[in-house]
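Return atomic coordinates for the entry below.
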Amino acid sequence: MIVYDINKEAVKELVEFGAKEGTSPQNIAENSEVIFTMLPNSPEVKEVVLGKDGVIEGARPGQVLIDMSSIAPLVSREIAGRLEEKGVEMLDAPVSGGQEGAEAGTVAFMVGGKEEVFEENKEILEVMGRSVTLVGDIGAGEITKLVNQVIVGINIAAIAEAMSLGKKAGVDPEKIFNAIRNGLAGSRCLEDKAPRMFSGKYDPGFRMRLHVKDLTNVFETSRELNVYMPLTAQVMEMMQKLLADGHTDVDHAGLGLFYEAANNISLKKD
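Numbering: from 1, shown residues only. Below you'll find the model as predicted:
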């Protein structure tokens, strides 16, 4: 394994575990068969893959690029087209599961690309995640991740809103959580996010600003397709307010903070 990042401390940590240190994305491509990227957003992926000293400058026919970033689907398709000109295949393979899932190797991969390329590389992804699913052609993985982020965002907002009602009515939200968690309202979101609200500990997890980035890509895509998304728009406004108030790096469960301010309560356990 050969690794590169502008964060030298991250590289150093992996080198201590036995990886070799690369000098650029181009250098990584020159010394790899399968190349993985995982970056904050579309511009960074384009720069790393297509820019100066980028992956494409060191790429050769027969290689595979697997991009695990959560970016705009059209950008994935653009990058895949450029790589195909050099005989390089690409899979878009964003993940869901947050930092905890990444550390535990339990994330879910939603993958777009050619079926034969997916089958040839599925085993590598299974080392890093619990669920690896091909959902369609290139870009389909990113579309699926956008759907995931819509559902997660609305779910978290619903949890915070409902718990605020319970607290305002004089019932302990944590007791409500324990009463409903095994019923139809139960979900992985409820299990992970409600306890953060009750403890007031919003360490990520998944940062609020990254969820806003994902929802920005959602609306870019929905506008192109004329899809009406009023619930998502409301959640985006709540998150934007939290960013404006300085909560950029809290876990997205920090939507609880929005409802605490709006309803003049604290969801923390008394």
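
all helices of the stretch 101-250 of the chain, in order?
For the stretch 101-250 of the chain, helices defined by DSSP state H, counting those that start in this stretch occupy the ranges 115-128, 140-168, 173-180, 188-199, 208-225, 230-244.

Tell me which of the ones you listed sits nearest to residue 24.
helix 115-128 (22.5 Å; Cβ to Cβ). To be clear about C-beta, it is placed using only N, CA and C from the backbone, and glycine gets the same treatment.

what's the domain layout of the protein?
2-136, 143-263 (automatic domain parsing).

could you dump these to JSON lines with mean pLDDT, mean neighbour count and distance to residue 270?
Shown next, in JSON lines, are the domains of the chain (pLDDT from 0 to 100; neighbours: other Cβ atoms under 10 Å; distance: least, Cβ to Cβ, whole Å):
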{"stretch": "domain 2-136", "mean pLDDT": "96", "mean neighbour count": "18", "distance to residue 270": "27"}
{"stretch": "domain 143-263", "mean pLDDT": "96", "mean neighbour count": "18", "distance to residue 270": "7"}
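
Format these as TSV; extra columns: distance to residue 269.
Compiled in TSV, the domains of the chain are given as follows (distance: least, Cβ to Cβ, whole Å):
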stretch	distance to residue 269
domain 2-136	21
domain 143-263	5
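
residues contacting residue 122?
Shown in contact with residue 122 (Cβ atoms under 8 Å, 6 or more residues apart in numbering): residue 132.

Check residue 268 too.
197, 198, 199, 200.

circling back: got TSV for the helices of the stretch 101-250 of the chain, with distance to residue 65 too?
Formatted as TSV, the helices of the stretch 101-250 of the chain follow (distance: least, Cβ to Cβ, whole Å):
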stretch	distance to residue 65
helix 115-128	10
helix 140-168	13
helix 173-180	42
helix 188-199	30
helix 208-225	20
helix 230-244	30
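
who wins for proximity to residue 260 among the ones you listed?
The nearest among the helices of the stretch 101-250 of the chain, by Cβ to Cβ, is helix 140-168 at 7.4 Å.
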